[in-house]
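Colleague: Got a sequence here, can you model it:
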Amino acid sequence: SFGVNASFRPRFEQLLKLARSRNQHLEIMAAQWYASDLMEPLQAWGGSLGALHPPQARLDVYAHAVKAFLVRYNLSAYVLDYEAVNVVRWYPELLSNLSAAFHDSRTGSVRKIGISPSSVEHLQHTNALTDYVFLQTYTQGVDISEFTALFDARKIYYGLCPEGCSNVTPAEACTDVARKGLAGIHVWRLDSRGYEGR
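Modeller: Modelled structure (predicted):
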């Protein structure tokens, strides 16, 4: 199954309602984290993509479960973390299944696909299947040129983290984005502890 852990669902739904009350045009995306099953003490958060162990039918079931979740909560996109145990050889097949599931021929609606890669392994020929590429430039030290060789630069977002873990300043990142013709900058909070009461 795919969804939000029951213990987080009330907070998740409250945050969605609050965000939309403040900006009705806000696009909200769901994201999958590669090690969510390792979080202490909440292993029930989920698992890595490696747990899917395809055959094709399992990828199809997963893609439709994700789509149902996005539709239920009116989310615009799904972002997949692509590092460690999520680097799988059948990743292009998964993206293809998600792309097919996310295009609704009856209504014409489309949900978008984002990836957050730390590696280009198995990502050849996936440019047409992705709408956003959120680089892990904040900690992984990725070579941006490896990604611009595979993806349209206008889909690529440079990553910064607010905890000071980035090895560049925001001004330097902005210069790099402009020089390379990237889409922009995304900010990723690495430390999710202490979320209670916020």
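
Colleague: Would you check how far apart L52 and K112 are?
Modeller: 21 Å (Cβ to Cβ, to the nearest Å). Any C-beta I mention is one placed from the backbone N, CA and C, and that applies to glycine too.

Colleague: Neighbour count: those two, which is higher?
Modeller: Neighbour count, other Cβ atoms under 10 Å: between L52 and K112, K112 has more, with 18 against 15.

Colleague: tell me which element the most centrally placed residue in the chain falls in.
Modeller: Central residue of the chain (Cα atoms, centre = their mean): V79, 2.0 Å from the mean position. Using DSSP states H and E, V79 falls within strand 77-82.

Colleague: Show the average pLDDT along that strand.
Modeller: For strand 77-82, mean pLDDT is 90.

Colleague: Given it, what are its sheet partners and their directions?
Modeller: strand 29-32 (parallel), strand 112-117 (parallel) (DSSP bridges).

Colleague: Redo those strands as a markdown table? Include mean pLDDT and distance to D176.
Modeller: Shown next, in a markdown table, are the strands paired with strand 77-82 (pLDDT from 0 to 100; distance: least, Cβ to Cβ, whole Å):
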| stretch | mean pLDDT | distance to D176 |
| --- | --- | --- |
| strand 29-32 | 86 | 23 |
| strand 112-117 | 93 | 17 |
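
Colleague: Need those in JSON lines (columns: distance to Y138).
Modeller: Formatted as JSON lines, those follow (distance: least, Cβ to Cβ, whole Å):
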{"stretch": "strand 29-32", "distance to Y138": "15"}
{"stretch": "strand 112-117", "distance to Y138": "11"}
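
Colleague: Which parts of the helix or strand of the chain with the lowest mean pLDDT count as buried, going by neighbours?
Modeller: The weakest-scoring helix or strand in the chain, judged by mean pLDDT, DSSP states H and E, is strand 29-32 (a mean of 86). Under the neighbour-count criterion of 16 or more other Cβ atoms under 10 Å, strand 29-32 has 29-30, 32 buried.
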